[in-house]
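mind folding the following:
(one chain, ligands or ions: 2)
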Amino acid sequence: MRMTPAPAVVVHRQDYSAPAFAIDEVKLEIFLRPQGTEVHTQLMLRRLDRAARDLLLDGDALELLSLSVDGEVLPAERYSLEPGQLRIREVPESFVLESRVRIHPQANTALSGLYYADEVFLTQCEAEGFRRITWYLDRPDVLARFVVTLNAPKQSCPILLSNGNCVASGEEENGWHWARWEDPFPKPCYLFAAVGGHFHVAKDRFVTLSGREIGLELYVAERDRDACEQALQSLQKAMAWDEKVYGREYDLDRYLIVATDSFNMGAMENKGLNIFNSKYVLASPETATDIDYQGIESVIAHEYFHNWTGNRVTLRDWFQLSLKEGLTVFRDQEFSADMNSRGVQRIAEVRRLRAAQFAEDASALAHPVRPDSYKEINNFYTATVYEKGAEVIRMMHTLLGVDEFRAGTDLYFQRHDGQAVRIEELLDALATGSGRDLSGFLRWYSQAGTPRLKAEGHFDAQSGRYLLRLQQQTPATPGQEQKLPVPIPVRLAFFYEDGSVAALPAGEEETILLLENTANDWVFGPFARPVVPSVLRGFSAPVLLERTDAQAADTFLAQHDNDSFNRWDSLQRLAHKALLAHIEKPTQGLDTGSLSAAYAAALAQARQDPAFTAELLSLPTEDSIGQQMECIDVDGIHTAREALRCALANEFSEDWQRLYEELAAPYRRDGEAMGARRLRNLALHYALAGGRAEAAQTWAERQYRDADNMTDRLAALQLLAFDPHYDAQPLLADFYKRWQQHPLIIDRWFSLQLGRVAPETMQRAKDLLQHPAFSWRVPNRVRAVLGAFAVNLSIFHARDGSGYRFYAQQLRHLDDLNPQTAARLATVFSRWSRYDAQRQQQMRAAMEDLRSKDKLSRDLGEILERSLG
Ligand code: B3K
Ligand code: ZN
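Ligands and ions are numbered 1, 2, ... in the order given. Prediction:
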């Protein structure tokens with residue numbers, strides 16, 4: 001008997017009610033077959049709500065084979081199948097429910113639930129995938145102990161894994177074998193995982209603070225056996241860091257990670273058995289770039305940190321998602337800052353926050369960190385829930401300081417271990433542990449939109465005092481017209497005009513202001529001489545800062561600020577300013593005056609910190625320029641940015657050549673070497689745009705050919721492939737031939753061909769979808785083409801609307817196979833209102849058309865509906 005899927009209903013945060021039944025234990029017996037897996041489930045159930053007579057279970061795409069209560073087969077009148085639900089009537093106080101269902105892993109192209117890809121069985125249950133495996137109370141506040149027995153043919157599935165400890169295993173006469181896993185920690189079903197297939201296992205170990213030895217095991221495809229070192233080392237570092245910084249020890253004897261090419265997102269923190277997109281596991285110098293290495297370090301850490309923030313203390317309901325995600329992102333960011341350069345790390349975080357989250361907050365999809373309603377929870381794994389959520393935690397960390405914050409998290413773990421809680425519980429523990437009032441921060445969770453922070457100040461020569469006025473205002477967002485002030489911590493310092501720090505009267509170099517109301521005034525000093533303020537150092541709050549003294553202060557701070565973030569940000573503002581002026585009046589030429597001085601200063605110190613210098617000297621992205629404009633002028637942005645690149649290429653041509661030559665070095669993989677590679681490739685980027693571009697092309701060709709690592713090889717290839725005056729076909733063909741056995745590299749090969757701003761790119765995209773190596777079933781590959789297409793602004797936003805139509809057509813197809821990935825890719829349309837009238841109309845038409853498709857998924861339907869408004 002097959003049931004119909006659940007209708008698209010709106011779930012409201014205010015409607016929460018506690019579960020009517022508890023599940024004390026789950027016994028799963030799974031018989032793995034690609035076409036027709038049987039799942040036998042025993043649930044030990046106990047009534048919690050006396051008023052509840054019937055038991056309601058969640059299920060999706062399950063073929064029901066049999067049902068029994070306490071060993072008796074259920075007669076038809078005792079149960080009914082409703083859309084997405086199974087109702088069992090008049091159940092006893094406590095009982096065992098046994099169900100048998102059939103599911104179809106090979107046909108599961110949505111990659112949610114149990115699926116079969118690349119000859120491996122895998123699961124993904126967060127958020128609501130478990131209901132695609134068996135009938136269950138699929139909600140995060142039902143915690144149960146799991147005993148899982150996996151059965152499969154030994155030949156095709158020699159390895160069988162699930163959560164916890166492997167307690168028994170055996171072989172059958174028919175060539176099948178089985179393994180039983182028991183997880184001693186009660187958990188919500190979204191953390192369940194099962195894996196079966198062929199793997200190479202890379203092993204290492206970690207000894208915890210209390211002396212327990214943990215086995216670390218990485219399961220990868222045989223061909224990737226030499227690409228496991230970075231992941232294992234990152235795991236060891238993360239385990240040690242969590243003990244040192246948060247006092248958190250690992251709790252099982254084994255920690256398993258499985259890598260797959262077929263995964264909807266980055267990775268998943270299933271208890272004791274993480275499943276990862278291979279992009280965040282596999283690396284060797286020949287195959288992975290420096291950025292790939294850092295991505296692995298941070299995602300491995302993120303999933304590990306979830307063991308305490310997410311797994312041991314879990315969520316009461318899905319609206320609380322940021323309770324685990326915001327906190328865990330903050331933890332992984334701080335880990336990366338400790339492992340690498342803190343300043344460069346912060347710049348990268350803010351770049352990402354502005355690109356993804358500020359854009360989301362300014363779009364039709366704006367929502368609070370804790371949303372009020374959803375139709376499909378998978379649509380809320382957003383930059384707002386993750387990155388803005390992390391910024392809210394960071395603000396409290398900034399105010400409390402390291403020790404008080406730690407006292408707060410200690411209390412949080414002590415109070416709530418083994419519980420499913422809300423964001424209030426975290427805030428309360430932080431407040432009680434530190435003795436500070438944090439109640440105002442709850443508003444950051446409920447109010448959408450990016451606050452504008454206005455800083456107006458002046459130095460009063462007579463009194464020697466600096467007067468500062470801060471004001472805040474948050475713009476209206478869909479469904480939230482009125483906004484209230486939020487607490488904004490503002491880190492602040494002053495400089496004398498010679499660049500030295502102007503100490504505050506109490507002797508400190510920096511202070512933290514807390515703006516709690518709409519506006520507030522502060523007075524600083526007296527200072528001996530005029531001072532320049534450095535406001536919002538380290539980006540101490542996720543706001544849009546507006547300063548009245550802009551140009552002069554930016555010119556000064558871009559050279560002298562000792563806060564890396566603010567120095568970088570001042571330089572970026574200078575660049576934005578020059579670009580916007582040029583876009584507005586293209587005939588007037590580019591004014592690079594202040595920018596040149598800042599470039600010269602940075603270039604003079606380049607060798608001291610190459611990674612930071614590379615950040616300073618990188619041009620703002622086209623996307624970030626667009627964010628500064630009321631109406632995004634796609635073509636103007638590209639032309640102006642290229643003009644600036646060319647001007648800086650020529651003005652500093654000797655520096656670029658000198659850096660390119662001096663920074664050449666044999667491959668090493670430490671921070672210094674990575675920084676040097678980055679700066680050298682930036683020098684090449686400029687050199688290719690200047691008067692000596694032809695010479696630079698030969699450097700790039702040589703670099704592509706002779707590189708001893710993927711960072712340099714790919715950088716050279718990308719620069720040449722994006723260059724409209726260069727025919728990169730021979731190099732691209734060579735690259736394909738060399739790396740065709742490596743899916744992650746071939747993903748890059750697909751993307752690389754879509755970065756060029758030239759009319760033929762559209763045709764290239766169409767051709768790539770027909771390429772034999774393209775597959776609609778592999779999200780990484782789909783994103784490699786469609787994701788790269790959408791970030792090429794000139795092509796995606798082509799004036800005739802062809803980019804939108806092409807893109808929507810592909811989403812139409814993808815939605816039938818993988819709704820989650822289709823919905824995520826569709827979010828680019830949500831920014832339609834930022835473009836001119838013609839483009840607005842074309843984007844809306846593309847969305848309307850998509851919305852009219854047959855069997856529109858709940859995922860894509862919700863994104864389109866909210867985007868259209
Ligand atoms: N918790 C998972 C994300 C699940 C996404 C479900 N659509 C990975 C992470 O944030 O660590
Ligand atoms: Zn996470």
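
was I right to think residue 381 contacts residue 265?
Yes. Under the criterion of Cβ atoms under 8 Å, residue 381 makes contact with residue 265 at 7.2 Å. Placement of C-beta: from N, CA and C, glycine included.

residues of this structure that sit close to ligand 1?
Contact residues (Cβ under 6 Å from any ligand atom) of the chain with ligand 1: 126-127, 265, 267-269, 302-303, 306, 325, 378, 381.

tell me the phi and psi of residue 103?
When read as degrees, to the nearest 10, the backbone of residue 103 gives phi -130, psi 170.

tell me how many other residues crowd it.
Neighbour count for residue 103, taken as other Cβ atoms under 10 Å: 22.

that one: what's it in contact with?
Shown in contact with residue 103 (Cβ atoms under 8 Å, 6 or more residues apart in numbering): 37, 39, 61-63, 113-114, 132-133.

so among the residues you listed, where is pLDDT lowest?
Least confident of these in the model: residue 61, at 94.

got the contact list for the closest residue to it other than its chain neighbours?
Among residues not flanking residue 61 along the chain, residue 132 sits closest, at 5.5 Å (Cβ to Cβ, 6 or more residues apart in numbering). When contacts are counted by Cβ under 8 Å, 6+ apart, residue 132 touches 59-62, 103, 108, 112-114.

how near is residue 658 to residue 470?
Per Cβ to Cβ, to the nearest Å, residue 658 is found 43 Å from residue 470.

which one of these two is surrounded by more residues?
More crowded of residue 658 and residue 470, by other Cβ under 10 Å: residue 470, with 24 against 14.

my read is that that one contacts residue 485, right?
No. Between residue 470 and residue 485 there is no contact under Cβ under 8 Å: 10.7 Å.

shared neighbours of the two, anything?
Jointly contacting residue 470 and residue 485 under the rule Cβ under 8 Å, 6+ apart are residue 515.

what number of residues lie near the closest residue in space to residue 373 that isn't next to it in sequence?
Nearest residue to residue 373, sequence neighbours excluded (Cβ to Cβ, 6+ apart): residue 12, at 4.8 Å. Look at residue 12: counted by other Cβ under 10 Å, it has 12 neighbours.

thought residue 12 was touching residue 372?
Yes. Residue 12 lies in contact with residue 372 (Cβ under 8 Å); the separation is 6.7 Å.

okay, now the domains of this structure?
Domain segmentation of the chain under automatic domain parsing yields 18-280, 313-446, 452-548.

only alpha carbons, please: show stretch 529-536 as PDB.
The C-alpha trace of stretch 529-536 is given here as PDB (Å, rounded to 0.1, in the frame of the first residue of the first chain):
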ATOM      1  CA  ARG A 529      46.100  66.000  19.400                       C
ATOM      2  CA  PRO A 530      43.400  65.400  16.800                       C
ATOM      3  CA  VAL A 531      42.300  61.800  16.500                       C
ATOM      4  CA  VAL A 532      40.700  59.500  13.900                       C
ATOM      5  CA  PRO A 533      38.200  56.900  15.200                       C
ATOM      6  CA  SER A 534      38.300  53.200  14.100                       C
ATOM      7  CA  VAL A 535      34.700  52.100  14.500                       C
ATOM      8  CA  LEU A 536      33.200  48.600  14.600                       C
END
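
that one: which residues count as buried?
Residues of stretch 529-536 classed as buried: 530-536 (neighbour count, 16 or more other Cβ atoms under 10 Å).

what is the nearest of these to residue 679?
Distance to residue 679 across those (Cβ to Cβ) is lowest for residue 534, with 24.8 Å.

quick check: mean pLDDT of the helix or strand harbouring the closest one?
Secondary structure from DSSP states H and E places residue 534 in strand 531-535. For strand 531-535, the mean pLDDT works out to 96.

give me the sheet partners of that strand and which way each runs.
strand 488-496 (antiparallel) (DSSP bridges).

tell me the secondary structure at the residue of the chain most remote from its centre.
Within the chain, residue 462 marks the point farthest from the mean C-alpha position, 50.6 Å out by Cα atoms, centre = their mean. When classified by DSSP: H, G, I helix; E, B strand; the rest coil, residue 462 comes out as coil.

with secondary structure added, can I get the contacts of residue 132 in JSON lines?
Listed next are the contacts of residue 132 as JSON lines, based on three-state DSSP:
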{"residue": "59", "secondary structure": "coil"}
{"residue": "60", "secondary structure": "coil"}
{"residue": "61", "secondary structure": "coil"}
{"residue": "62", "secondary structure": "coil"}
{"residue": "103", "secondary structure": "strand"}
{"residue": "108", "secondary structure": "coil"}
{"residue": "112", "secondary structure": "coil"}
{"residue": "113", "secondary structure": "strand"}
{"residue": "114", "secondary structure": "strand"}
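
taking those residues together, which two end up most distant?
59 and 108 (14.5 Å).

just to revisit the earlier point, any figure for the gap between the residue nearest to residue 61 and residue 782?
21 Å.

do the same with residue 93
Taking Cβ to Cβ, one finds residue 93 at 49 Å from residue 782.

looking at these two, which is more packed in?
Between residue 93 and residue 782, counted using other Cβ under 10 Å, residue 782 has the larger neighbour count: 25 against 8.

so which elements touch the longest helix along the chain?
In the chain, assigned by DSSP state H, the helix with the most residues is helix 389-416. Packing contacts for helix 389-416, counted by 3 or more Cβ pairs under 8 Å, 6 or more residues apart in numbering; DSSP states H and E, involve helix 229-246, helix 321-339, helix 423-434, helix 442-446, strand 488-496, strand 511-515.

list the contacts of the helix or strand following the fifth one.
Think strand 488-496. Once strand 488-496 ends, the next helix or strand along the chain (criterion: DSSP H and E) is strand 501-502. Outside strand 501-502, the residues that touch it by Cβ under 8 Å, 6+ apart are 493-496, 509, 527, 529, 531, 562.

among those, name the buried ones.
For the contacts of strand 501-502, buried by 16+ other Cβ under 10 Å: 493-495, 527, 531, 562.

pull the most distant pair out of the residues you listed.
The span of those, defined through Cβ to Cβ, is set by 527 and 562 at 17.1 Å.

does the closest residue to residue 557 other than its chain neighbours belong to a helix, a strand or coil?
In this structure, residue 557 finds its nearest non-sequential neighbour in residue 570, 3.9 Å apart by Cβ to Cβ, 6+ apart. Put simply, residue 570 is helix when judged by three-state DSSP.
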